[in-house]
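Student: A predicted structure for the sequence below; I have some questions about it.
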Amino acid sequence: QDELVESGGGLVQPGGSLRLSCAASGFSFKDYYMAWVRQAPGKGREWVSDIKSDGRRTNYADSVKGRFTISRDNVKNMLYLQMNSLKPEDTAVYYCTIGRQDTWHLSATWGQGTQVTVSS
């Protein structure tokens, strides 16, 4: 059974940093594009970033480019999102999922998400 478990969220002041983690199990993690998606209060889910199966290609939404860094460890089956220079508009529940910018919405594999709140 495919499983994704996100962690690392929390409350942080504007300008601060957080590192999100996603533990994957039940599928061949190293063979798939992986993505981070977020859902702000009262809004739909939006794609944030993705990374190719071998980790050699990454892609970011304009809103986070230059501030967020996606990475993965295919030995540990882990996906990460380093978030720097956080803004209040980054407040959302963050999810990892299988897929990339144009396919994440088709994924049937989702974790419970981790809450990120950026506030002073």
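Tutor: Yep, it's here. Numbering: from 1, shown residues only.
Student: name the helix or strand for the most centrally placed residue in the chain, please.
Tutor: Closest residue to the average C-alpha location of the chain: W36 at 2.6 Å, with CA atoms, centre = their mean. Using DSSP states H and E, the secondary-structure element containing W36 is strand 34-39.
Student: return the set of buried residues in the very next helix or strand once past that strand.
Tutor: Sequence-wise, the next helix or strand beyond strand 34-39 is strand 45-51, with elements assigned using DSSP H and E. For strand 45-51, a neighbour-count test (16 or more other CB atoms under 10 Å) marks 45, 47-51 as buried. C-beta here means a position set from N, CA and C on the backbone, and glycine is covered the same way.
Student: helices and strands around the next helix or strand after strand 45-51, which ones?
Tutor: Following the chain from strand 45-51 toward its C-terminal end, the next helix or strand by DSSP H and E is strand 58-60. Counting contacts by 3 or more CB pairs under 8 Å, 6 or more residues apart in numbering; DSSP states H and E, the secondary-structure elements packed against strand 58-60 are strand 45-51, strand 68-73.
Student: and the longest one, what's its mean pLDDT?
Tutor: I take that to be strand 45-51. Predicted confidence along strand 45-51 averages 98 (mean pLDDT).
Student: what sits up against that strand?
Tutor: Contact with strand 45-51 is made by 33-40, 57-61, 64, 68, 70-72, 79, 81, 94-95, 99-101, 104-105, as judged by CB atoms under 8 Å, 6 or more residues apart in numbering.
Student: and these, which of them are buried?
Tutor: 33-38, 59-61, 64, 68, 70, 72, 79, 81, 94-95, 99-100, 104.
Student: list the contacts of the strand holding W36.
Tutor: With CB under 8 Å, 6+ apart as the contact definition, strand 34-39 has outside contacts at 20, 22, 24, 45-51, 70, 72, 79, 81, 90, 92-101, 104, 113, 116.
Student: that one: partners in the sheet, and parallel or antiparallel?
Tutor: strand 45-51 (antiparallel), strand 92-98 (antiparallel) (DSSP bridges).
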